[in-house]
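1. Model the structure of this input:
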Amino acid sequence: MKKIETICVYCGASSNGPAYHREVAKDLGVILAKEKIKLVYGGGSSGVMGALADSVINEGGFVTGIIPEFLLSHEMAHKGVNELKIVNNMHERKALMASMAQGFVVLPGGIGTLEEFFEIITWRQLGIHNKPIVVLNVMGFWNNLTTIIDSLITSGYMREENKELLKFVEKTDQVLPQLKKIFGQPS
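-> Numbers count the residues shown, from 1 in each chain. Predicted coordinates for the structure are as follows:
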């Protein structure tokens with residue numbers, strides 16, 4: 001049976017979101033580090049991204065940040081990560097993040113996080129990968145996303161069975177058990 005070794009987490013770089021989003025990211029970081037699961041993420045040092053990376057690092061975990069060269073100053077690349085990969089563009093960033101991970105977690109974020117989410121779920125729907133996707137719906141943050149998905153199904157633009165390609169959980173301590181369940185690994 002395969003073991004989850006690396007998880008890709010999509011999340012926001014903005015520090016303008018609610019503080020509890022950063023706290024949830026820290027909690028997830030502790031869990032990943034304790035389980036010795038490596039983190040792959042967008043490489044930023046601020047917002048939910050920074051809180052997550054800091055937490056994994058502080059707990060002795062391994063972090064790979066992947067950032068396009070043009071974002072080095074904008075997102076302020078995290079200087080404390082174990083490995084920082086600088087790529088040419090966003091497409092390379094997303095492809096490398098996806099190729100390095102055995103599963104995906106979506107935390108609160110903005111348009112970039114949504115774009116990453118929709119791309120990775122599309123890739124799963126098309127059979128490009130068969131990796132688990134878990135959305136952490138912190139205090140209902142992603143409720144409108146579930147409404148959109150339901151609307152896509154109702155309107156005939158998404159098959160009902162494709163809703164099973166991702167799982168929504170509401171608590172940080174549900175993320176890893178859900179990933180392991182989808183992955184076929186005991187909790």
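2. pretty sure Val134 is in a helix, no?
-> No - counting by DSSP: H, G, I helix; E, B strand; the rest coil, one finds Val134 to be strand, located in no helix.
3. Not counting its neighbours along the chain, what's nearest Lys17?
-> Lys isn't right for residue 17; it's Gly. Distances taken as CB to CB, 6 or more residues apart in numbering place Pro108 nearest to Gly17, at 6.0 Å, with adjacent residues excluded. For every residue, glycine as well, the C-beta is placed using N, CA and C.
4. who are the neighbours in contact with that neighbour?
-> Pro108 is in contact with Cys11, Gly12, Gly17, Pro18, His21, Val24, Val48, Leu136, Val138, Phe141, Trp142, counting by CB atoms under 8 Å, 6 or more residues apart in numbering.
5. Now do the SS call for it.
-> coil.
6. Please enumerate the strands of this structure.
-> Taking DSSP state E, the strands of the chain run over residues 6-10, 38-41, 63-68, 83-87, 103-106, 133-136, 167-169.
7. now the helices: where do they sit in the protein?
-> In the chain, the helices defined using DSSP state H lie at 19-34, 47-58, 90-100, 111-125, 143-154, 175-183.
8. so which of these is the most packed in?
-> The highest average neighbour count among the helices of the chain, using mean count of other CB atoms under 10 Å, belongs to helix 47-58 at a mean of 24.
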